[in-house]
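Colleague: Kindly generate the corresponding structure for this input.
(4 chains)
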There are 2 protein chains.
Amino acid sequence: MATVKDIAAAAGVSVATVSNVLNNRPNAGRATRQRVLRIAQELDYRPNRAAQAMRTGRTRAIGLVLPDLTNPFFPELAQAVENTARSQGLLVCLVDSQSRPEGEADGFSLLMQHAVDGIIWCPLGSRVPAQVRNPARPVVLIDRPRAGYAVVHSNYLMGGRLLAEYATRMGHRRVGLLSGPQHIESARQRRDGFVKALPKGSEIAWEVCVGFDGLLTQEARLALKQRRRATLIVAGNDLIAIGAIRCLAEHGVRVPEDVSVTGFDNIRWTDLLTPRLTTIAQPVGAIGARAVELVQERMSGGKIGNQRAVFDVELIERDSVRKLNEAS
Amino acid sequence: MATVKDIAAAAGVSVATVSNVLNNRPNAGRATRQRVLRIAQELDYRPNRAAQAMRTGRTRAIGLVLPDLTNPFFPELAQAVENTARSQGLLVCLVDSQSRPEGEADGFSLLMQHAVDGIIWCPLGSRVPAQVRNPARPVVLIDRPRAGYAVVHSNYLMGGRLLAEYATRMGHRRVGLLSGPQHIESARQRRDGFVKALPKGSEIAWEVCVGFDGLLTQEARLALKQRRRATLIVAGNDLIAIGAIRCLAEHGVRVPEDVSVTGFDNIRWTDLLTPRLTTIAQPVGAIGARAVELVQERMSGGKIGNQRAVFDVELIERDSVRKLNEAS
DNA sequence: GCTGCTTAGTGTAACGTTTTACTACGCAGA
DNA sequence: TCTGCGTAGTAAAACGTTACACTAAGCAGC
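Modeller: You can find the predicted model right below:
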């Protein structure tokens, strides 16, 4: 591979000048500049990132630390992050902790060793790995807020509210809640947003919390079996909704004929399912892109406080909620 | 961050000795060795990867180039690859081409700039990006074979055969094929394996090829609507199967009561669907792990020819195939 | 002609490692 | 005592960049 030295030799200038031209600093004449650029192109020059990194301390790589790629919300996010990053010339280094804190810690350690310029992180729990507690590098959280960090996520309260309004409009007055883990703020806000926006006369028939992975607990299965006259089941995310629909089917309960179900996330094939799932769409692409922008701003010195970027969400009406007549 | 120089100073030896100890080369005395190691630990020394990379040309990072993270088969693969890699101290750099050849090319270019030590690649089409045609770095293909490369994938022929045997056992004699793109070998082998293992007296009622992403073409929808007395539809992967089931539902056709459907891949929530999908399970974890091993072998000099690692697959019997009595 | 300023460009140290060639020392064998 | 050899360790170059401190030349103003 060609180096600056090769270019310098071919152009009859010093390596310093080549470097100056390549990083377009002002101190180079018009003619020289063009000559150097042309030769660089001819030799197919690519800067050696390792050398650059050693000299400048920047790698033009960012870390992406996710809890679980088998939850389809995250691959969509990863795709958005990777594509935006690549369009800016940034490489994405992936860590999937498989929901294990040690995995998260190891991943951070590896990322720090490789001196990534910044980290986009969807934190697992409340624990902050030592490797990142003194963050030499900017960290931007994604999807899950935490005090002291910049974060970009959806307006979960709004999502909850939209669902509550829709439920009411469709005539549902008694709902069962299959919420996500309440120690995760994004799960809590979805739930709270829903509950607060529920009008007088509507009520929560029951509530059970389960994991975001859609694997239902005994308690959840029992609640779904009994149902206690709930006409609508509001799930914490799409995976939970899918799990619920299947559990209901096992008891011979049809969706939406016998009971309605809503999800959250609008993962890609919720509209390939039977029935197509009514859910809340998050602008995943925008979220991923914004996270990259934010981390990049911080990489280039901008210490712009710990901002929050919150994105509006949208109700996607499909087939899993039935319209009740007033009498029912 | 502590450097070798710091350790050398603290231990009263030269940096060369520190380096020797750290890479446990023989020329260092017992006492010195232990002192250096102790101090390195105390100072929480981590080698500067950039400096190492510049000197040795190795980065201890590998690239993972995938066509589409929104196809749930790939995140599972990515997870396996990342976890095995991390356990070996390798960082994974992700590229998602979003099924666009330019994306693939850009990704490779970025990976080469960062001088990853090896690349695990699920190629998009038949085009080989120029960046990788002269591979200074070892490349291991995953899931999609191609002449001249090492590859690790499932035994697709076996998968096809298992499906054919199962179909026969369940009394299905007339099947419709909803195959994947036939220019991709893995799709072709699934199909061929199935067709070849079909006994006399069984027949292919019709065949349509669609993309792996589960979005059905007009032609496919028409075939599903007509059905031409096929009692079983064999889909090229789970996404296609899911799409087919929904399309059938739109025409009021129930699965498996009216027609049976099989998938391929056993992506994670095929058993959350209604009906639970009968499909072929690939050992995704093993495939990912083996790919990492293979690329690592090659990284450390082993030029072991272009081997093929082929993994057995397994039939997962669920609820989407009905047993027909002989008469039907 | 001198001063001061701008433009265009250069020489070289430095970043943190690894590695090559070398030294210094002790000791066994003759 | 000399030779040779193994052990323990060192000095310094090298990897490819960037950036600092310079210089050389041209030119305007007086």
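
Colleague: how about the strands of chain A, start to end?
Modeller: In chain A, the segments counted as strands under DSSP state E are A:61-66, A:91-96, A:118-121, A:139-142, A:150-154, A:174-179, A:203-209, A:232-235, A:260-262, A:279-281, A:308-311, A:314-316.

Colleague: The second one vs strand B:61-66, what angle?
Modeller: Put plainly, it is strand A:91-96. Relative orientation of strand A:91-96 and strand B:61-66, computed by axes from the mean of the first three to the mean of the last three Cα atoms, to 10 degrees: 90 degrees.

Colleague: Please name every helix or strand in contact with strand A:91-96.
Modeller: Counting contacts by 3 or more Cβ pairs under 8 Å, 6 or more residues apart in numbering or on different chains; DSSP states H and E, strand A:91-96 is packed against strand A:61-66, helix A:73-87, helix A:101-113, helix B:73-87, strand B:91-96. Quick note: C-beta positions are derived from backbone N, CA and C, even for glycine.

Colleague: how about the ones you listed, which one is nearest DNA strand C?
Modeller: Of all the helices and strands packed on strand A:91-96, it is helix A:101-113 that lies closest to DNA strand C, at 10.0 Å by Cβ to the nearest atom of the strand.

Colleague: Quick one: mean pLDDT for that closest one?
Modeller: Throughout helix A:101-113, pLDDT has a mean value of 91.

Colleague: Got the domain ranges for chain A?
Modeller: According to the domain assignment given by automatic domain parsing, chain A is divided into the following structural domains: A:4-47, A:57-154+A:284-311, A:156-281.

Colleague: Quick check: which of those is nearest to residue B:175?
Modeller: Nearest to residue B:175 among these is domain A:156-281 (21.4 Å), distances taken as Cβ to Cβ.

Colleague: hmm, the closest one touching chain B?
Modeller: Yes - with Cβ under 8 Å from any Cβ of the partner chain as the threshold, domain A:156-281 lies in contact with chain B, specifically through A:214, A:239, A:242-243, A:245-246, A:249, A:268-269, A:272-274, A:276.

Colleague: Who are the contact partners of the residue nearest in space to the middle of chain A?
Modeller: For chain A, the residue sitting closest to the mean C-alpha position, by Cα atoms, centre = their mean, is residue A:77 at 4.6 Å. The neighbours of residue A:77, taking Cβ atoms under 8 Å, 6 or more residues apart in numbering or on different chains as the test, are A:66, A:122, A:142-143, A:284, A:287-288.

Colleague: hang on, isn't residue A:19 packed against residue A:5?
Modeller: No - Residue A:19 is not in contact with residue A:5 according to Cβ atoms under 8 Å; the separation is 10.6 Å.

Colleague: higher neighbour count, these two?
Modeller: Remark: of residue A:19 and residue A:5, residue A:19 carries more neighbours, 17 against 11, as counted by other Cβ atoms under 10 Å in any protein chain shown.

Colleague: Quickly note the distance from that one to residue B:164.
Modeller: Using Cβ to Cβ, to the nearest Å, we find residue A:19 at a distance of 64 Å from residue B:164.

Colleague: got the buried residues for stretch A:27-40?
Modeller: A:28, A:32-33, A:35-37, A:39-40 (16 or more other Cβ atoms under 10 Å in any protein chain shown).

Colleague: Please convert these to a markdown table, extending it with pLDDT and distance to DNA strand C.
Modeller: Conversion of these to a markdown table gives the following (pLDDT from 0 to 100; distance: Cβ to the nearest atom of the strand, whole Å):
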| residue | pLDDT | distance to DNA strand C |
| --- | --- | --- |
| A:28 | 88 | 4 |
| A:32 | 93 | 4 |
| A:33 | 94 | 7 |
| A:35 | 95 | 9 |
| A:36 | 95 | 9 |
| A:37 | 95 | 12 |
| A:39 | 95 | 13 |
| A:40 | 95 | 14 |
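
Colleague: So which residues of the stretch 201-328 of chain A form helices?
Modeller: Counting by DSSP state H, counting those that start in this stretch, residue ranges of the helices within the stretch 201-328 of chain A are A:218-226, A:238-250, A:284-299.

Colleague: which residues sit against the longest one?
Modeller: Applying Cβ under 8 Å, 6+ apart, the contact partners of helix A:284-299 are A:58, A:62, A:73, A:76-81, A:83-85, A:88, A:90, A:117-120, A:137-140, A:142-143, A:150, A:152-154, A:304, A:307, A:309, A:311.

Colleague: Give me the buried entries from those residues.
Modeller: The neighbour count (16+ other Cβ under 10 Å) marks A:58, A:62, A:73, A:76-81, A:83-85, A:90, A:117-120, A:137-140, A:142-143, A:150, A:152-154, A:309, A:311 as buried among these.
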